[in-house]
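Colleague: Quick check, what structure comes out for this input:
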Amino acid sequence: MRYTLRSTGILSRSLHRCAVVARYSPQFGRSVATWTPLAAAFNRKPEKKLFSIFNRQRKGLFGNSLLGDPSGFYLFKEQADIEADRLVREATSSIRTRNVVEIFDDLSNALCRVADMAECIRVLHGDSQFAASAEEASSAMNDLVENLNTNRPLYMALKKVVDAGQDVKPMDDIDRYVARLFLVDFEAAGIHLEERKRKEVVKLNAKVLAAGMTFSRRCYEPHYVDAGMIPDAIKPYFHSDGKHIVIGNLMSDAPNEAVREAAYRVFLMPDQHQLEPLQEMLTNRFHLAKLVGFSSHSDRISRESVLGSAGKIEQFLETLSHNLRPHWESNKKELLDLKRQENPRATSLYPWDTTYLMTLARSRDADTEASQYMSYFPLGACMDGLSRLFESIYDVHFVIEDASDEDLWAADVYKLSVRSAEDEVLGLIYCDLYQRPDKSSPDCHFSIQGGRRLPDGSYQIPKVVLSLNYEPPQSGVPCLMNFDQIDNLFHEMGHAMHSMLGRTRYQHVTGTRTSTDFAEIPSTIMEYFSSDPRVLSQISRHYASGEALPESLLGKVCAARRKFSALDFQLQTLYAVTDQRFHGSVEPKDLLKIFADLHDEYAPFKYVPNTAWPTRFGHLFPYGGRYYSYLLARAVASDIWGKLFKADPFSREAGRKFRDHLLSHGGGRPPLELISNTLEHTPTVNEFVEALIDQTKV
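Modeller: Predicted coordinates:
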């Protein structure tokens, strides 16, 4: 998942997880007798020294000499201002010699290299001065974009070219498509409106951003309740400040049902402090969509998506929900039977039961708890396994790089290059993988520099940051991964490789700079690799003994983890439908009643009165109107996996097809076209649904 604040307008796409047993692997094509340098590096913390106030020779974040101290972000931002002004004058000149789409991409690149880096440093840097300076730069870039969004001469220069389909130099289909994307983003920001309405658009955008950031912050705050509200028998399970019980999450994996129920009811208690910014954000989004000429916010942001409209999204979710029912009802019956084994008097399942019972059932099917396998998956083995997998399917590999020529925002960040078979550097991945007291970022990835073709024929390589939250190595024991963490690593690496393997003409459409439902496909397909016993058996290496887990044993674990897919999909459908209704063509006014009604219609369990789940639905801000993307991406990824990789997950031919037909293009062609080229036919909504239904039968 990529958590990013998405601006609207011409840059919306861009401003927007010892020794080993010697064994020959015919799939990976080489024997591994000892830890490789890559595996050894990730099995310990980096030795890179973090710069400090005592270090006189700071070299700058990402090697940018301006960013050797916090004040450098001001100069970095000023450079972008100057370059943006020059490019706007060029684009609107009557004697320009370059195509307008090239100039717009230079403008996008100039602003994104500041905005993207600033957003990353704002979130990840432990120095409060650096974080504050980055936030100021990020805010300044948002202001500059809003100003550009009201520049009529700039808009008219672009619109004239898009309408004519030609410019001062010949244009091909890619040039025309990317130019049209710039125009679509421009018009979504209301540039075509009269001046009074354009000013109102700017005000509404500012209100959405402010309310959304407040909502995002508050939806993760704990709830404090009087200690007398919690039964004495379960008080020891909760944190207390003396007078109050503090509940900061759902505690959904607690074996004690009373604990789970109390946590659910308290954590989801209605709270105007949380509800007000959510309501303000949704209301302003609704009015903004209407003002710029759309029936809804969802319709406004879905025009260039895989499905193409809010109506198609609704059709997908409704059809999926209808077809899932018999499958999730079977899942529900199995869970209720399991609950009755623990409590013979149980008559119903409740929302606080599902996670605990599903985990219990999966452990029983696998004959063990999945956590017992963690010793076989040290981080170094997983990273080395990913490198060998990519070498097998894409003919590229990872190399651990020396970061002494640049400053890092934390001492435990790894720097990787992705290299071709000829040792050409295709891109850089900075891996910020460990928990830190000052790190609050969810698992995500940040674009730092987009890839693009340069005028001299060379390529501006992509740079990304992966941010995860693993336990760091301790006392000689490397970070040991559970299966969910392996999934997250593979997922976020899928996003990174979308950027690394893209060779787009324009950085505006590099890698994940595309519609969300399409951007999640390369990351989701990596979860099929991480849940395949053939892949896991090649990666597994006990951190001390070097022993590998047999494929047959991993097969049982992987099969158990796929249990209850129908129930999982139905719950995701409920969340996606809620997101669509909140961003629909009717202004949402009573959010809790809307959700309660949807819960009764779509959820496998009855709604729990006096709870306010939407106030904890953090995705509503960064993914507003787009939450369905996870389900759609899984459907597409399932089809691609079945066609290309299911028979042989190490196939070079399959990897070449996926890379050439989909990954290399980024968002430079219509997403459905890229999917159709990869699958060799154009899938329908019903086929997307059937792909998900098929997964519930495994």
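
Colleague: What are the boundaries of the strands in this protein?
Modeller: Chain-ordered strands for the chain, with DSSP state E as the definition, fall at 24-25, 30-31, 223-226, 239-240, 244-247, 396-400, 414-420, 425-434, 444-449, 452-453, 459-460, 463-470.

Colleague: The nearest residue to residue 471 once chain neighbours are set aside: how many residues sit nearby?
Modeller: Leaving aside its chain neighbours, residue 471 sits nearest to residue 479 (5.7 Å; criterion: C-beta to C-beta, 6 or more residues apart in numbering). C-beta coordinates here come from the backbone N, C-alpha and C atoms, glycine included. Using other C-beta atoms under 10 Å, the number of residues around residue 479 comes to 25.

Colleague: residues in contact with residue 479?
Modeller: Going by C-beta atoms under 8 Å, 6 or more residues apart in numbering, residue 479 touches 42, 43, 378, 379, 433, 434, 470, 471, 472, 473.

Colleague: and if we set it to 6 Å?
Modeller: Contact analysis of residue 479 by C-beta atoms under 6 Å, 6 or more residues apart in numbering lists 379, 470, 471, 473.

Colleague: So what does it look like in phi/psi?
Modeller: Dihedral angles of residue 479 (phi, psi; degrees, to the nearest 10) stand at phi -60, psi 120.

Colleague: which stretches of the stretch 1-150 of the chain form helices?
Modeller: All helices of the stretch 1-150 of the chain, identified by DSSP state H, counting those that start in this stretch, fall at 37-42, 72-91, 100-124, 128-148.

Colleague: Turn these into JSON lines, columns for mean neighbour count, distance to residue 325 and mean pLDDT.
Modeller: Listed next are the helices of the stretch 1-150 of the chain as JSON lines, based on neighbours: other C-beta atoms under 10 Å; distance: least, C-beta to C-beta, whole Å; pLDDT from 0 to 100:
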{"stretch": "helix 37-42", "mean neighbour count": "20", "distance to residue 325": "44", "mean pLDDT": "95"}
{"stretch": "helix 72-91", "mean neighbour count": "18", "distance to residue 325": "52", "mean pLDDT": "97"}
{"stretch": "helix 100-124", "mean neighbour count": "24", "distance to residue 325": "40", "mean pLDDT": "95"}
{"stretch": "helix 128-148", "mean neighbour count": "19", "distance to residue 325": "44", "mean pLDDT": "91"}
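
Colleague: hmm, back to that, pLDDT score assigned to the residue nearest to residue 471?
Modeller: Reading off the confidence values, residue 479 has pLDDT 96.

Colleague: Distance of it relative to residue 417?
Modeller: 21 Å (C-beta to C-beta, to the nearest Å).

Colleague: Low-confidence ranges, the protein, go.
Modeller: 1-33, 48-58, 369-371, 698 (pLDDT under 70).

Colleague: what about the longest helix in it?
Modeller: helix 310-342 (DSSP state H).

Colleague: follow-up on the earlier one: so which of the strands of the chain comes closest to residue 330?
Modeller: When the strands of the chain are compared by C-beta to C-beta, strand 244-247 sits nearest residue 330, at 32.9 Å.

Colleague: ok, how many other residues are close to the closest residue to residue 275 other than its chain neighbours?
Modeller: Nearest residue to residue 275, sequence neighbours excluded (C-beta to C-beta, 6+ apart): residue 615, at 5.6 Å. For residue 615, the count of nearby residues is 28 (other C-beta under 10 Å).

Colleague: And residue 615, how far from residue 229?
Modeller: Here residue 615 is placed at a distance of 19 Å from residue 229 (C-beta to C-beta).

Colleague: what's the answer for residue 506, then?
Modeller: 57 Å.

Colleague: who has more neighbours, those two?
Modeller: residue 506 (28 against 11).

Colleague: Distance of the closest residue to residue 109 other than its chain neighbours relative to residue 104?
Modeller: Once flanking residues are discounted, residue 109 sits nearest to residue 507: 4.9 Å by C-beta to C-beta, 6+ apart. Residue 507 sits 11 Å away from residue 104, taking C-beta to C-beta as the criterion.
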